[in-house]
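Participant: Sequence and computational prediction follow.
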Amino acid sequence: MKYRTAAVQYRLEDISSFEQFAAQVRHYVRNASEYGVQFLLFPEFLTTQLLSIGDEQGAALPIERLPEFTAGYLALFQSLAAEYGMYIVGGTHVIEVEDGKRRNAAHLFHPNGRIDVQHKIHLTPTEVSEWNMSPGEGLEVFETAFGKIAMLTCYDIEFPEIVRMARAKGADVIFCPSCTDDRHGFYRVRYCCHARAVENQVYIVTTGTVGALRSVDFMRANFGQAAVITPNDIPFPPAGIMTEGVFNDDMLVVADLDLTLLEDVRASGSVTTWRDRRTDLYPDWS
């Protein structure tokens, strides 16, 4: 099975209305549709752009106000997925759950209107101490017309166990929305994406925010690049990079994913890391 995916290097800039945010999101989706994209990824924390709309005094909204935009966010991406017949990972959005906690949640919008959600499992110190967030409590994989996928956000990809769980549950592609403010954070995520692709013989589609929100705390600097990452074996590019963007530019990257190649390398690749794992010593999940 083959399908075309794309990842958005989303440029954050100050805005004054939800309509400006919606117009920017629509631009990327429409651009992707012109390339025949079937599965589109947006980055982590793209909706923090809404905080720059500000309050009556012109100050940026605090993070606790971001869940107020949830209904508009869901309606926007749900309508775009249906209109363009496209699966869209709408980056992440900060939501409130029933116990009053805030979660950083990745959303998968299906063309038929269905919405799947994966809460970020591992939180950075800033998310905990500055934004008072709570971690997700489980991992799901999601069935699509193009097979099973998982959504693991930024810091999550730095933990080998959770990606191994996703592969064991059948995921062939991991979508990794990210948001990093400097090269150190970017390369932590990027190098771990490569390691997880090799370990589990999966595709990793990743992207990050670019640009700056001058009025929003902890979003004033962004360093990002989208990429489609593969196992390092003969059917794939030697460096394991199918495509990648230009650092910090406003752009899309597009690639075709061939799931049959994953099955081939798992069965008879130069190395067969997925087949050779020692589940007698370390289980895939508990």
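Facilitator: Looks like it came in fine.

Participant: counting contacts, what elements does the helix or strand containing Ile174 pack onto?
Facilitator: Ile174 belongs to strand 173-178 when assigned by DSSP states H and E. Using 3 or more Cβ pairs under 8 Å, 6 or more residues apart in numbering; DSSP states H and E, the elements in contact with strand 173-178 are strand 87-96, strand 147-151, helix 183-200, strand 203-208. C-beta: built from backbone N, CA, C; applies to glycine.

Participant: just the helices in the stretch 101-250 of the chain please.
Facilitator: Assigned by DSSP state H, counting those that start in this stretch, the stretch 101-250 of the chain shows helices spanning 125-129, 160-168, 183-200.

Participant: Could you figure out how far the last one is turned away from strand 173-178?
Facilitator: For helix 183-200 and strand 173-178, the angle between their directions (axes from the mean of the first three to the mean of the last three Cα atoms, to 10 degrees) works out to 170 degrees.

Participant: Off-centre distance for helix 183-200?
Facilitator: Helix 183-200 has its C-alpha centroid displaced from the chain centroid by 14 Å (Cα atoms, centre = their mean, to the nearest Å).

Participant: picking up where we left off before, for the helices and strands packed on strand 173-178, please prepare JSON lines with the additional fields mean pLDDT.
Facilitator: Shown next, in JSON lines, are the helices and strands packed on strand 173-178 (pLDDT from 0 to 100):
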{"stretch": "strand 87-96", "mean pLDDT": "98"}
{"stretch": "strand 147-151", "mean pLDDT": "98"}
{"stretch": "helix 183-200", "mean pLDDT": "98"}
{"stretch": "strand 203-208", "mean pLDDT": "98"}
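
Participant: Just say which of those is most tucked in.
Facilitator: Compared across the helices and strands packed on strand 173-178, strand 203-208 shows the largest average neighbour count, a mean of 28 (mean count of other Cβ atoms under 10 Å).

Participant: Partner strands of that strand, with direction?
Facilitator: strand 173-178 (parallel), strand 227-229 (antiparallel) (DSSP bridges).

Participant: Looking at those strands, spot the one closest to Thr260.
Facilitator: strand 173-178 (13.2 Å; Cβ to Cβ).

Participant: follow-up on the earlier one: pull the distance from the strand holding Ile174 to the chain's centre.
Facilitator: So, by Cα atoms, centre = their mean, the centroid of strand 173-178 is 4 Å from its chain's centroid.

Participant: And the contacts of that strand?
Facilitator: The contact list for strand 173-178 (Cβ atoms under 8 Å, 6 or more residues apart in numbering) reads 5, 41-44, 89, 91-92, 106, 146-147, 149-154, 156-157, 163, 166, 186, 189, 193, 196, 202-209, 224, 257, 259.

Participant: could you dump the strands paired with strand 203-208 to TSV with mean pLDDT?
Facilitator: Below are those laid out as TSV (pLDDT from 0 to 100):
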stretch	mean pLDDT
strand 173-178	98
strand 227-229	98
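
Participant: wait, which of those strands is closest to Asp280?
Facilitator: strand 173-178 (25.2 Å).

Participant: Next, the angle strand 87-96 makes with that closest one.
Facilitator: 50 degrees.

Participant: circling back: among the helices of the stretch 101-250 of the chain, which is nearest Ile229?
Facilitator: Nearest to Ile229, of the helices of the stretch 101-250 of the chain and by Cβ to Cβ, is helix 183-200 at 4.9 Å.

Participant: Could you check the angle the closest one makes with helix 160-168?
Facilitator: 40 degrees.

Participant: Check which helices and strands helix 183-200 is in contact with.
Facilitator: helix 160-168, strand 173-178, strand 203-208, strand 227-229.

Participant: can I get those in CSV with distance to Asn132?
Facilitator: Putting the helices and strands packed on helix 183-200 into CSV (distance: least, Cβ to Cβ, whole Å) gives the following:
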stretch, distance to Asn132
helix 160-168, 23
strand 173-178, 21
strand 203-208, 23
strand 227-229, 31
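
Participant: before we move on, back to that, could I get the buried residue list for the strand holding Ile174?
Facilitator: Val173, Ile174, Phe175, Cys176, Pro177, Ser178 (16 or more other Cβ atoms under 10 Å).

Participant: Run the chain-centre distance for stretch 157-169.
Facilitator: 15 Å.

Participant: okay, it in CSV with CA atoms only?
Facilitator: Provided in CSV are the C-alpha atoms of stretch 157-169 (Å, rounded to 0.1, in the frame of the first residue of the first chain):
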residue,chain,number,x,y,z
ILE,A,157,9.7,10.2,20.6
GLU,A,158,12.7,10.4,22.9
PHE,A,159,11.5,7.3,24.8
PRO,A,160,12.1,4.0,22.9
GLU,A,161,9.6,2.0,24.9
ILE,A,162,6.6,4.0,23.8
VAL,A,163,7.5,3.7,20.1
ARG,A,164,8.1,0.0,20.5
MET,A,165,4.6,-0.3,22.0
ALA,A,166,3.1,1.5,19.0
ARG,A,167,4.8,-0.8,16.6
ALA,A,168,3.8,-3.9,18.6
LYS,A,169,0.2,-2.6,18.3
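
Participant: All set, thanks.
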